[in-house]
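**Q** Provided below for reference: sequence and predicted model.
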Amino acid sequence: MRKTVVFVVAAVIGATALAAPATAQQSTSPTPSAAPAKGSVQLNVNTAINQTLVDKYVRDAPNVALAKCEGASPTFSSPVLTFANYFPGPFMGTDANISADATLKPGTASGTYPLTVTCGAGTYSTQFSVPAAQVAKVPAGAAKAGDGSMAG
């Protein structure tokens, strides 16, 4: 529960921090208008503290798949993720209307993997990266920080 609250608070702070500079840098010159995207999918959302979270799996932290799509029964899929707790949006910090908790399957190697959402007749995909796992066991003979073994 605590990690979820911290993630949501960080997302709100990030959205607030990003909104102010965007309005201050508006240009008066005309820009080409593009049709709004009908759908999209991403893993995680950037925050004010960390601007490198989108489409990157974060080990030892909550991960969330987010999508913007029209149609009934949106479903996320990935060969290395499982999804639970689908939740309708909107969400602060990203243009999405559905989310789900994403958990990495045990034994997944580092690399790049697909993430897809299917909703109605639409299917949207992206690629996300999984970092290498940290060393889980301290090597034999390694110094133990803070235990006094290195004191002279």
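**A** Alright, I've got the coordinates.

**Q** rest of the way, CA atoms for contacts and neighbours
**A** Fine.

**Q** contacting residues around stretch 91-103?
**A** 11-12, 14-15, 40, 45-47, 62-69, 74, 76, 81-90 (Cα atoms under 8 Å, 6 or more residues apart in numbering).

**Q** Show me these that map onto strands.
**A** 40, 63-68, 76, 81-88 (DSSP state E).

**Q** nearest to V130, of those?
**A** For the ones in strands among the contacts of stretch 91-103, the minimum distance to V130 (Cα to Cα) is 10.6 Å, reached by L81.

**Q** And for the closest one, the neighbour number?
**A** 19 (other Cα atoms under 10 Å).

**Q** which residues does it contact?
**A** Here L81 is in contact with 102-105 (Cα under 8 Å, 6+ apart).

**Q** hmm, try it at 10 Å
**A** 57, 65, 101-106, 108, 113-115 (Cα atoms under 10 Å, 6 or more residues apart in numbering).

**Q** ok, now V117?
**A** Per Cα under 10 Å, 6+ apart, neighbours of V117: 39-42, 65-69, 74-78, 98, 123-126.

**Q** Excluding sequence neighbours, find me the nearest residue to it.
**A** F76 (4.3 Å; Cα to Cα, 6 or more residues apart in numbering).

**Q** how many neighbours does that neighbour have?
**A** 26.

**Q** if I look at it, how far off is A48?
**A** 26 Å (Cα to Cα, to the nearest Å).

**Q** just V80 next, same as before
**A** Counting by Cα to Cα, the gap from V80 to A48 is 28 Å.

**Q** Between the two, tell me which one has more neighbours.
**A** Taking other Cα under 10 Å, V80 and A48 do not tie; V80 has more neighbours (17 against 14).

**Q** Please name the residues that touch that one.
**A** Contact partners of V80, counting by Cα under 10 Å, 6+ apart, are 102-109, 113-115, 130.
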